[in-house]
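Peer 1: Next comes the sequence, and after it the predicted model I'd like to discuss.
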Amino acid sequence: MEKHQTLLSLLTKDVDYEVRDLVSRRVSYFHSNFMYLLHEKKDEHILFLIKQGWDLQMINIVSVLSAFYQIVLGPLVSSTHSDSKVGLGYKVPISYGTLLKFNTERNVQIQEAHEAFTRILESKEISFWWIQAASANDLVYRMQKDIKEKEFGLYE
Amino acid sequence: MNSSWVDSVLSMMEDFAREYSTTYSKKKRELSASFEIGCFLALVQYYEQSDCTVNIKNLGDDGEYRYLTTPSGNPRNFSYIEFKKGDDEFELRQQVRIRCSHIDNDIAFTPDIVILKKDTEIQAIKDSDYAKGNRCFYSVNVEEVLCAHECKSLSPFPELLISFLGMVFAAHSWLNELTDCSKVKEEGLHLAPTLFVGGFAKALHLRMVNSLKTNFPINIILGMHAGTWNLFGDSANITRVDLEE
């Protein structure tokens, strides 16, 4: 199994089937696009990344983290940002049906998970903005742009 | 470098998953609900920051906000928010069906979040074509709607953006036509009908988003997952509407 698929499996092993399928399909789609960009289009941006030491395996790893964030972690974190004066979502919990409760305890758990995730990104020099990419092209573009800015100063 | 970097990421993410998978392993419905509630809270904060007084109405006996999750529920049994600013009083509700009587009474749909005039009547009608007449079909009349908003926890794509225009047209009787921007005012109180989107757009789609915002009285707010939560202030670049009669 390729290592990005290993990463996908370990992040999503306990996740609901529908969600795991969404993440998996996004990763697979991105992978196909990376292959196209590299082998058929000979895209200058992905070739630049390869030249800078970012091989396809590493780029696929970033795409797994991106898919996981956008489909799983991002939506969860969405509900924890409340700073409402009336305390909605923390002092005043929100009951969503009988099973879901949005309260301080939940917010803290999710924010801790989010902070742990972003710390890992930072430690491996994976920009949070790469993770927000809307497509494989977009991801490659963002990566090469940041790396160019970092390595060569201004982005041309 | 490559192999050790990859192995390092795998190792760290394995630890992460071990510690946090019970926190993040939710059903698809809960992920959508989380996003919708995030948008709902952002809107509440927007009105607070606009100097509206906020009153949470119809809390449960346990002091919790009972969030209506489906239009088949009776909105009278669920919580909502009441706002007041000067003479303006209005309500924020969720999952309330709108009957688009300005077009035809048989047209009805449910936006995720709706701003209504205060004390809007919740109509409860039995219809043999709905649940065999066994349950009430709850709705509000479109004339009571100030603004309706939608939440989509995904990356934007053209068909999503265009279909939002249909919702805007159907939900707002104050729109003479879809491109009617006569109510758009910088000093307006309400957010124009807004599509909250979790992901960011590709460059081409971003141009489409900007064009839609220029040509229609709407907002399309992108990147909510990444933290676009403050809807107030100049940097938010929000379109507001003035709906005072």
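Peer 2: The structure has been received and is ready for your questions.
Peer 1: Model confidence score at the residue nearest to B:S72 when sequence neighbours are not counted, please.
Peer 2: Nearest residue to B:S72 in three dimensions, chain neighbours excluded: B:R135, at 6.8 Å (Cβ to Cβ, 6 or more residues apart in numbering or on different chains). (Each C-beta comes from the backbone N, C-alpha and C, glycine too.) B:R135 carries a pLDDT value of 92.
Peer 1: tally of neighbours for B:R135?
Peer 2: By other Cβ atoms under 10 Å in any protein chain shown, the residues close to B:R135 number 13.
Peer 1: For B:R97, see how far away it is.
Peer 2: Taking Cβ to Cβ, to the nearest Å as the measure, B:R135 and B:R97 are separated by 13 Å.
Peer 1: same thing with B:L212?
Peer 2: B:L212 sits at a distance of 25 Å from B:R97 (criterion: Cβ to Cβ).
Peer 1: give the contact list for B:Q123.
Peer 2: For B:Q123, the contact set (Cβ atoms under 8 Å, 6 or more residues apart in numbering or on different chains) comprises B:R99, B:Y138, B:S139, B:V140, B:N141.
Peer 1: hang on, isn't A:V86 packed against B:I56?
Peer 2: Yes. With the criterion set as Cβ atoms under 8 Å, A:V86 and B:I56 qualify as a contacting pair; they are 5.8 Å apart.
Peer 1: what sits in contact with each of these two?
Peer 2: Taking Cβ under 8 Å, 6+ apart as the contact rule, A:V86 and B:I56 both touch A:V92.
Peer 1: average pLDDT across stretch B:173-185?
Peer 2: This predicted structure assigns stretch B:173-185 an average pLDDT of 92.
Peer 1: List the buried residues in that stretch.
Peer 2: Applying a neighbour-count criterion of 16 or more other Cβ atoms under 10 Å in any protein chain shown, the buried positions in stretch B:173-185 are B:S173, B:W174, B:L175, B:C181, B:K183, B:K185.
Peer 1: List the contacts of that stretch.
Peer 2: Stretch B:173-185 is touched from outside by B:102, B:142-143, B:145, B:165, B:168-169, B:192, B:215-217, B:239-243, with contacts defined as Cβ under 8 Å, 6+ apart.
Peer 1: Apply 6 Å and report the result again.
Peer 2: Stretch B:173-185 is touched from outside by B:H102, B:V142, B:E143, B:F169, B:P217, B:T239, B:V241, B:D242, with contacts defined as Cβ atoms under 6 Å, 6 or more residues apart in numbering or on different chains.
Peer 1: and B:T179, what element?
Peer 2: Take DSSP states H and E as the rule and B:T179 turns out to sit in neither a helix nor a strand.
Peer 1: Alright, calling it a day.
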